[in-house]
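Novice: what shape does this take:
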Amino acid sequence: MTAASTARVDHAVTSGTFSLDGETFEVDNNVWVVGDDTECIVIDAPHSVDDILAVVGERRVKAIVCTHAHDDHVRVAPELREKVVAPILLHPDDKPLWELTHTQYLWDVDLADGQTLEVGDTTLQVLHTPGHAPGAVCLYSPELGCVFTGDTLFHGGPGATGRSYSDRPTLEASIRARLFDLPGDTVVHTGHGEDTTIAAERELLG
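Specialist: Next up is the predicted model:
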């Protein structure tokens with residue numbers, strides 16, 4: 001009999017702006033922190049370091065993992081890195097987007113498809129899902145029965161395309177190939193908005 005995982009998912013919402021192609025919008029971003037009572041991984045770094053640290057608490061941050069490099073997901077990553085002394089992880093295909101926000105700083109570690117990240121007694125599997133952004137990734141935790149999709153997949157369908165560096169057919173192909181094979185009851189923790197499940201989104205997209 002396998003012992004139950006002590007890892008958990010903590011969540012908050014933080015508000016700010018998203019800018020691309022000369023337009024700026026007000027947005028609310030989800031902050032996801034995965035770990036146990038002693039260590040954690042922060043998924044994305046939007047808007048406010050203080051809001052993120054409130055979710056982290058006293059735990060040691062092992063990594064700041066960026067699902068993609070739109071400014072509302074990486075804006076405070078360098079500042080957060082200094083505060084918690086943890087590396088920033090990003091897929092290298094998103095370098096052009098990263099450089100739109102950060103010209104003086106780079107991330108620390110390249111993410112790669114199939115890579116695994118361990119925190120507490122759980123594992124996050126990196127799934128490269130280009131389309132919303134070239135280097136977009138999702139993070140799947142079999143033990144926790146959830147996947148963190150950034151802006152790749154939302155409650156109600158795929159993420160936005162039509163802006164620079166995005167492509168709708170590529171995004172839909174990524175979702176079908178990399179996400180829709182996951183168990184149907186897998187909870188989808190999104191970059192914005194409410195949770196959904198793989199089964200619900202599979203039925204919607206067809």
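Novice: mind listing what the residue most central in space within the chain touches?
Specialist: Ranked by distance to the mean C-alpha position of the chain (C-alpha atoms, centre = their mean), the top residue is residue 67 at 3.5 Å. If you count contacts by C-beta atoms under 8 Å, 6 or more residues apart in numbering, residue 67 has them with 43-44, 73, 136-139, 148-152, 191. For glycine as for every other residue, the C-beta is placed from the backbone atoms N, C-alpha and C.
Novice: and for residue 76?
Specialist: Contacts of residue 76 by C-beta under 8 Å, 6+ apart are 45, 46, 47, 48, 49, 52.
Novice: now the strands: where do they sit in the protein?
Specialist: Using DSSP state E, the strands of the chain run over 8-20, 23-35, 39-43, 60-65, 88-90, 109-110, 116-119, 122-128, 137-141, 146-150, 153-154, 157-158, 187-190, 196-197.
Novice: tabulate those strands (a markdown table), appending distance to residue 166.
Specialist: Output for the strands of the chain, formatted as a markdown table (distance: least, C-beta to C-beta, whole Å):
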| stretch | distance to residue 166 |
| --- | --- |
| strand 8-20 | 9 |
| strand 23-35 | 14 |
| strand 39-43 | 20 |
| strand 60-65 | 20 |
| strand 88-90 | 17 |
| strand 109-110 | 21 |
| strand 116-119 | 25 |
| strand 122-128 | 15 |
| strand 137-141 | 15 |
| strand 146-150 | 13 |
| strand 153-154 | 14 |
| strand 157-158 | 10 |
| strand 187-190 | 16 |
| strand 196-197 | 21 |
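Novice: related to what we said a few turns ago, which of the contacts of residue 67 are buried?
Specialist: 43-44, 73, 136-139, 148-152, 191 (16 or more other C-beta atoms under 10 Å).
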